[in-house]
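Visitor: sequence and predicted structure, then a few things I'm wondering about:
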Amino acid sequence: MSNSRWDLILVGGGLANGLIAWRLRQLRPDLRLLLLEAGAQPGGNHTWSFHQGDVTPEQHQWLAPLVAHRWQGYDVLFPALTRTLEGDYLSVTSERFAAAIAPALGENLWTHTAVSDLTPESVTLADGQTLYAAAVIDGRGWQPSPHLTAGFQAFLGQQWRLSAPHGLTRPRLMDATVDQATGYRFVYTLPLSATELLIEDTHYIDRATLNLERAAAHIRDYAQQQGWQLAELQREEQGNLPITLAGNYRAFWQAKAGQPCSGLRAGLFHATTGYSLPQAAALADLIAQQRDLTAAALFRLTENYAARQWRKQRFFRLLNRMLFLAGRPDRRWQVMQRFYGLNQGLIARFYAGQLTLTDMARILTGKPPVPVGEAVQAVLKQTPRLRAFSDE
């Protein structure tokens, strides 16, 4: 089989390519499909979460076998605001992801397979072997680009077994009552069972420079403050999710030189929250419904979808510039506290990337939680860091 020509080769077995493979197996089982993963299993070591309203009812149906946890509602905590918001919140764990994807693909999944080079129609493995396909999709994660200006949501997550029940019944998406000296910081907590928690120390920072030892200490301190008795560290994950401030979309895609991409590699993520599952699911649906799976066709499809998302997220990039560039870093939490005091429907549409013009006006009206002059400069991209970039 290694010498065969494939219909489609997916390079990188993360969320985006995994969902493409999963959806194609459901709708196009006749395709000669190959998924290449450098690690031991698809999905790596991650947790992907999303809100009920972030995906369509049809997508919920085909995503259901991948969902490991579902909760009703979630909490946010700030110095002057504590609030419980309605709506289900769901998580896909890498363990559940691999348990579903691996048997679905069988021998069409190659793990421990390093790639040294690829083109739109070929993949060269580290051992020198070359594979050919009608199309190759590169889904190997975020790659910095000179055509995008981005901050980062950097985090360390630890999954702990406790020696006594923690008492949480729903996630804490943001606890920003913690120390803010290094910029906007919050603790994200998912109750996985009565005595298991995923606790993440999360920072919105200019560069991916999170000190992991300090983040681990933050987690231990937070658990102690909550009265949680940490007994066993079960797993650990870390990440640097890009948060886009500005960029030149056309130049970003021209640099791809016709190479189909998916997920973070294609810039497909919520510009402010960093969530990527909704867009990955939408792209998987588009590809599964596409009859022409040549490299040129898939490049056009992905580029067009990414272009629509880029235009839709213009307002989110504006908000990001206010968050990162206006006011003191240790006061960034005020922007988020004000936001989470708004209408619950607006907040749900924000996460789903479906803000209305009225929503946008509501977010920007009133006294801004950052200095007005700096806010205007950030909105108009008149800061030195952004002057060389253009959104449109």
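Guide: Sure thing, it's come through.
Visitor: where does the chain dip in pLDDT?
Guide: Residue ranges of the chain with pLDDT under 70: 1-4, 327, 367-392.
Visitor: let's go with 80 and repeat that
Guide: 1-4, 181-183, 325-329, 366-392 (pLDDT under 80).
Visitor: helix or strand next in line after the strand ranked longest in it, which one?
Guide: Ranked by number of residues, the top strand in the chain under DSSP state E is strand 230-247. Later in the chain than strand 230-247, the nearest helix or strand by DSSP states H and E is helix 249-254.
Visitor: could you list the residues in contact with that next one?
Guide: By Cβ atoms under 8 Å, 6 or more residues apart in numbering, the list of residues contacting helix 249-254 from outside reads 145, 147, 148, 267, 303, 306, 307, 310, 391. C-beta here means a position set from N, CA and C on the backbone, and glycine is covered the same way.
Visitor: now the third one: closest residue in space, sequence neighbours ignored.
Guide: Spelled out, that is residue 148. The shortest distance from residue 148 to any non-neighbouring residue, by Cβ to Cβ, 6 or more residues apart in numbering, is to residue 247 (3.8 Å).
Visitor: again with the fifth one
Guide: Using Cβ to Cβ, 6+ apart and skipping the chain neighbours, the partner closest in space to residue 303 is residue 253 (5.2 Å).
Visitor: how much space between the one you found and residue 266?
Guide: Distance, residue 253 to residue 266, by Cβ to Cβ, to the nearest Å: 9 Å.
Visitor: same deal with residue 66?
Guide: Applying Cβ to Cβ, the value for residue 66 to residue 266 is 20 Å.
Visitor: again, but for residue 150
Guide: 14 Å.
Visitor: now do residue 56
Guide: When residue 56 is compared with residue 266 (using Cβ to Cβ), they lie 20 Å apart.
Visitor: next one: residue 42
Guide: 18 Å.
Visitor: do I have it right that residue 75 meets residue 89?
Guide: No: in this structure, residue 75 is not within contact of residue 89 by Cβ atoms under 8 Å, at 10.3 Å.
Visitor: neighbour count: these two, which is higher?
Guide: Between residue 75 and residue 89, counted using other Cβ atoms under 10 Å, residue 89 has the larger neighbour count: 21 against 17.
Visitor: need the three-state assignment for that one.
Guide: strand (DSSP: H, G, I helix; E, B strand; the rest coil).
Visitor: give me every residue that touches it.
Guide: Neighbours of residue 89 in contact, by Cβ under 8 Å, 6+ apart: 49, 50, 51, 52, 70, 71, 73, 74, 170, 171, 173.
Visitor: how does it look with 10 Å?
Guide: Listed by Cβ atoms under 10 Å, 6 or more residues apart in numbering, the contact partners of residue 89 are 49-52, 54, 69-74, 170-171, 173, 190, 351.
Visitor: beta partners for it?
Guide: When bridges are called by DSSP bridges, residue 89 pairs up with residue 51, residue 71.
Visitor: can you offset everything so residue one is 280?
Guide: That works, and once the first residue is 280, the last one we named lands at residue 368.
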